[in-house]
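Peer 1: Using only what follows, build the 3D model:
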Amino acid sequence: MARRGAGTPFLLRLSLLLLLQLGGTLGCASVAVGSPVVSLGSAVMASCTIRSELCRGLEQGKVQITWMLDNEPVAGSQHQGPGGTEVSNLTLPRFNRTQAKLWCWVEWNGTKQRVGMAEIRAGYPPAKPFNLSCILNLSDYGLTCRWEQGADSHLPTSVTLKSHPSRCRRSRAPAVTGCTPQGGHSHCTVPRRLLQLYRQMEIWVSAANALGTAESEHLCIDPMDVAKLDPPALQSIQSIPFQTDCIALAWEVARSNAHMELQCELRYRAPEDPAWALVTGIVGQAGTTQRCGFLFGTQYHFQMRCRRSSARGYWSEWSLGRNYTTHEKAPTGKLDAWWSARPAGAGGQLEVQLCWKAPRRQEANGRVLGYRVTLSPRRRGREPRTICNTTHTQCNFSAPVGTRRVYLSAYNAAGESAATEVVLLERKGQPLTGLRAVPGGERSLWVCWEAPPAPAAAYVLEWQRVSSEPSRCSACWQMERDGAATAALIRDGIEPFQRYNISVYPLYKDAIGVPSNIAAYSKQNAPSYAPKLHLKSISKSSAELCWDPVPVEMQNGFITSYTIFWANSTAEVSSATVNPSLSSFVIRELKPSTLYKVHIMASTAAGSTNGTSLTLVTIVLDDIEIQFLFLTLGLIFVLLILLLICFQKNGRVKQQFWPSIPDPANSSLGKWVPAELQQEPLQGPSVREPGPATISTVTVLERAAGKQPSAWGKEPATTTAGTFPALPQPYVRQEGPGTPGRGRAAAEPCQGPGGSGETIQYARVVGDGYKGQQHAPPRLYLRSSSTQPLLLDPSPSPKPYENLWFHGAAPHGCPADGGCPEEPPATFPLLQGLRISGAEELHDCRTF
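Peer 2: Numbers count the residues shown, from 1 in each chain. Okay, the predicted model is just below:
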């Protein structure tokens, strides 16, 4: 019910619905369809008629009719019918639903109401039943028939099994319903009262629905011809005494079948047989039969069944089985043997390993109890010495050197087989060529070769699973006795995804050929895992990787290649294919100081497997570059050390770069006062005035003989050898121009810092040398106007002192127009590096 008119009062809508429902029950509306059951996909026509006079509440309003197919609206055509009725016609061109409800709706004053409905079904006519078959059960003589129904018709269908006792003779008697299946099954049983035994009757299946009827093929049968008999019971089985490969078997038929002529079958097999052996044509009433061709000492399982001899009807079920073991006989035939021999360490013995195959079942003639190896054949009346007696199929023993033959036999409870002669030939014959192996299946291999130039008597094939524990000899070799054969099939112990090494030996008349070898897989797959990468070395542009090969058991096939993938952080992926015989690879053209991710992929013919990722970072410098850098730095360091040593050891170099300037404060002159000056009054330090002092007297006292350099090194001073002057020679400079000085050199006036400083009164150089010196340097004593003696020592100073003469400006007291003398040498020979005691500054550097 839909609600559209929001302004319609609730009570009015409720009364309309009640009236329409009451009117519909009284014939207000009617829905008619052409057929309630139609074929699927055909057209459907329907009409809805509304009688307004029977629908109270619709007399004054306009009636609108709509349609709904289940929950989907469909459009119809509405018109006014006779008698003031409203009619809507609907046509559905293709009805594709198996079942649906068609609703007629009336809309008045914005409200919809269902007033009529018709249900429509669609489907197909019933399919024809087929494969009708019937079986008569002799226990209750009921006839059970089965059939197959066919495709679903989507419509309710009734199925019945019908029969007619004489229809096969074209009787006009009506058919009889034999039975109706229950629960939708496709079988039912006709009771005994509706059957006529030993007479023909017609049977068929009929299926019917609203769209049609279908019948199966008619069977015209005698119920006894389709009877299923009860199975016989086996009584006894025994061997015939004089013909031990034959047996005699006795049975008893079921009581329900005793009055019938029966035809029976016997089947048997040994546990190793893949299929049953079947014996036919046995008369059921005989009760006994004989059968030959059985193997000696073999257990067999026997079963039997019967049916009517008319060859009509069904076989009974197989009887309960019965086991029987035939009598044993001594083994027959020759044993396939294979050997290897080598000389022992001492004693003239030969170590022999002999292997053989167990005799086939038809040659064993029972259960083999053991095997015997002798050095000579058995002769009448003499038993040979046994060198090996075992229950296994191999034996290791020692034989005298030169032994060419041994004899092998098998025995069971009935006796011993004839001895098989084994000739110990040397392996020096021509090998086979063209050896190849191809899969014969997941668990077998075909081994093929080319026929040798010399005819071979037989071939021996050896195979061994690679990297597996050695198995018993009987499980890894076989002999091909046909010398003309060029192929052999290997089945024993072959497994998929495992590698096998195969060797083929040709057996010639007088020698054994050198083996030819090949490796093979019966089936290949992708490797179980890829090898793990290891970083062997790395540089700024290359990286060497190595890995351990995948174990053979995990390769699952022949490794065809290894593929190395590497990518940097910018997703630049590169790859290289490596030969499977290699276990290392060098990646080149890498970027310095870059992170790379590397992984390896192992591939076979059947697929590939990726390994785990390895992260590596290239270095900034190679080892050679780092070594060269350290070598260069080391050489530079060594050179610097050598230069420093040279500068420290070489006086001239040291004098040129670091002149030695004596420290006047530490000189003896600073602590010694001449006698001539001791009487002069000295001003104490406490009454001194700070500031620059002017040198007034320089006294030079010479004692040693020889020439001493002058102030500038130009004029030497001369003294009497070995004499000491009574009075020092003063050098006095008179104030005022034109006054010549007394002495050897005239002193020019030098100005103090102010341009007209104090005048030097006198200066004396005392020639008292150092104790122990022959040519002692003169001592210099400076007298200043402050009456404080200034002592200067020409001895070397522990600290270098700067020559105060060279500062880029004229000395104090010298005119700027070039009145001063020329620039003196870099070192003053007499006053080099002198420091005035008492921290007074020397403002004049002129000559004395």
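Peer 1: pull the helix or strand with minimum mean pLDDT from the protein.
Peer 2: Taking mean pLDDT, DSSP states H and E as the measure, helix 10-25 is the helix or strand of the chain with the lowest mean score, a mean of 41.
Peer 1: What's the first helix or strand after that helix?
Peer 2: Per DSSP states H and E, helix 10-25 leads on to strand 29-33 as the next helix or strand towards the C-terminus.
Peer 1: so the longest strand seen in the chain versus strand 29-33, what angle?
Peer 2: Among the segments of the chain that qualify as a strand by DSSP state E, the longest is strand 111-123. In terms of direction (axes from the mean of the first three to the mean of the last three Cα atoms, to 10 degrees), strand 111-123 departs from strand 29-33 by 20 degrees.
Peer 1: Just the endpoints, please. Distance across stretch 134-152?
Peer 2: Length of stretch 134-152, first residue to last, Cα to Cα, to the nearest Å: 23 Å.
Peer 1: Give the buried residues for the helix or strand just after the longest strand of the chain.
Peer 2: Going down the chain from strand 111-123, the next helix or strand is strand 130-137, by DSSP H and E. Residues of strand 130-137 classed as buried by neighbour count (16 or more other Cβ atoms under 10 Å): 132, 134, 135, 136. Glycine gets a C-beta too; all of them are placed from N, C-alpha and C.
Peer 1: First-to-last residue distance for stretch 459-478?
Peer 2: 8 Å.
Peer 1: repeat for stretch 532-548
Peer 2: End-to-end distance of stretch 532-548: 7 Å, with Cα to Cα as the criterion.
Peer 1: what's the spacing between that stretch and its chain's center?
Peer 2: 19 Å (Cα atoms, centre = their mean, to the nearest Å).
Peer 1: Give me the residues contacting that stretch.
Peer 2: Residues external to stretch 532-548 that are found in contact with it (Cβ atoms under 8 Å, 6 or more residues apart in numbering): 531, 562, 564, 583-593, 596, 598-600, 611-612, 614, 616, 618-623.
Peer 1: what's the closest of the buried residues of strand 130-137 to residue 317?
Peer 2: When these are ranked by distance to residue 317 (Cβ to Cβ), residue 135 comes first, at 11.9 Å.
Peer 1: where are the low-confidence patches of the stretch 651-800 of the chain?
Peer 2: Applying pLDDT under 70 to the stretch 651-800 of the chain flags the ranges 651-658, 669-800.
Peer 1: rewinding a little: show me what counts as buried in the longest strand of the chain.
Peer 2: Neighbour counts using 16+ other Cβ under 10 Å place 111, 112, 113, 115, 116, 118, 120, 121, 122, 123 of strand 111-123 among the buried residues.
Peer 1: helix or strand for residue 206, which one?
Peer 2: Using DSSP H and E, residue 206 maps to strand 201-209.
Peer 1: Now do that strand: which elements does it pack against?
Peer 2: Under the contact criterion of 3 or more Cβ pairs under 8 Å, 6 or more residues apart in numbering; DSSP states H and E, strand 201-209 touches strand 130-137, strand 142-148, strand 158-164, strand 212-215, strand 219-221.
Peer 1: among those strands, which is nearest residue 430?
Peer 2: Proximity to residue 430 (Cβ to Cβ) singles out strand 130-137 among the helices and strands packed on strand 201-209, at 66.2 Å.
Peer 1: Please list the outside residues in contact with the closest one.
Peer 2: Outside strand 130-137, the residues touching it (Cβ under 8 Å, 6+ apart) are 142-148, 150, 190, 195, 203-205, 216-217, 219, 221, 223-224, 226-228, 313-314.
Peer 1: rerun at 10 Å
Peer 2: The contact list for strand 130-137 (Cβ atoms under 10 Å, 6 or more residues apart in numbering) reads 142-150, 161, 163, 178, 186-187, 189-190, 192, 195, 197, 203-205, 216-219, 221-229, 313-314.
Peer 1: Tell me the buried residues within those residues.
Peer 2: Buried members of the contacts of strand 130-137, scored by 16+ other Cβ under 10 Å, are 142-147, 149-150, 161, 163, 178, 186, 189-190, 195, 203-205, 216, 218-219, 221-229, 313-314.
Peer 1: Kindly list the longest helix within this protein.
Peer 2: Across the chain, the longest stretch assigned as helix under DSSP state H is helix 623-649.
Peer 1: Now for residue 315, how many residues are close by?
Peer 2: Using other Cβ atoms under 10 Å, residue 315 has 15 neighbouring residues.
Peer 1: Isn't it up against residue 303?
Peer 2: No - Residue 315 is beyond contact range of residue 303, at 11.7 Å (criterion: Cβ atoms under 10 Å).
Peer 1: Quickly list what's touching both of those two.
Peer 2: Residues touching both residue 315 and residue 303 comprise 231, 265, with contact defined as Cβ under 10 Å, 6+ apart.
Peer 1: hmm, back to that, just tell me which of the helices and strands packed on strand 201-209 ends up closest to residue 272.
Peer 2: With Cβ to Cβ, the closest approach to residue 272 among those belongs to strand 130-137: 35.6 Å.
Peer 1: Listing partners with orientation, what would you give for that closest one?
Peer 2: The strands beside strand 130-137 in its sheet (DSSP bridges) come out as strand 142-148 (antiparallel), strand 227-228 (parallel).
Peer 1: Adding mean pLDDT and distance to residue 378 as columns, could you present those strands in TSV?
Peer 2: As requested, the strands paired with strand 130-137 are exported to TSV (pLDDT from 0 to 100; distance: least, Cβ to Cβ, whole Å):
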stretch	mean pLDDT	distance to residue 378
strand 142-148	91	67
strand 227-228	86	60
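Peer 1: What I need now is the ones you listed written out in a markdown table, including distance to residue 398 for each item.
Peer 2: Output for these, formatted as a markdown table (distance: least, Cβ to Cβ, whole Å):
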| stretch | distance to residue 398 |
| --- | --- |
| strand 142-148 | 74 |
| strand 227-228 | 70 |
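Peer 1: Quick check: buried residues in stretch 276-288?
Peer 2: Here stretch 276-288 shows 279, 282, 284 as buried, counting by 16+ other Cβ under 10 Å.
Peer 1: ignore the last one, stretch 539-551
Peer 2: Residues of stretch 539-551 classed as buried: 539, 540, 543, 545, 547, 550 (neighbour count, 16+ other Cβ under 10 Å).
Peer 1: now stretch 441-454
Peer 2: Neighbour-count burial for stretch 441-454 [16+ other Cβ under 10 Å]: 445, 446, 447, 449, 452.
Peer 1: which residues touch the third one?
Peer 2: Residue 447 makes contacts with 435-438, 440, 459, 461, 463, 480, 486-490, 502-504, 516, 518, 520, as judged by Cβ under 10 Å, 6+ apart.
Peer 1: now do the last one
Peer 2: The contact partners of residue 452, by Cβ under 10 Å, 6+ apart, come to 429, 430, 431, 432, 433, 459, 483, 486, 506, 508, 513.
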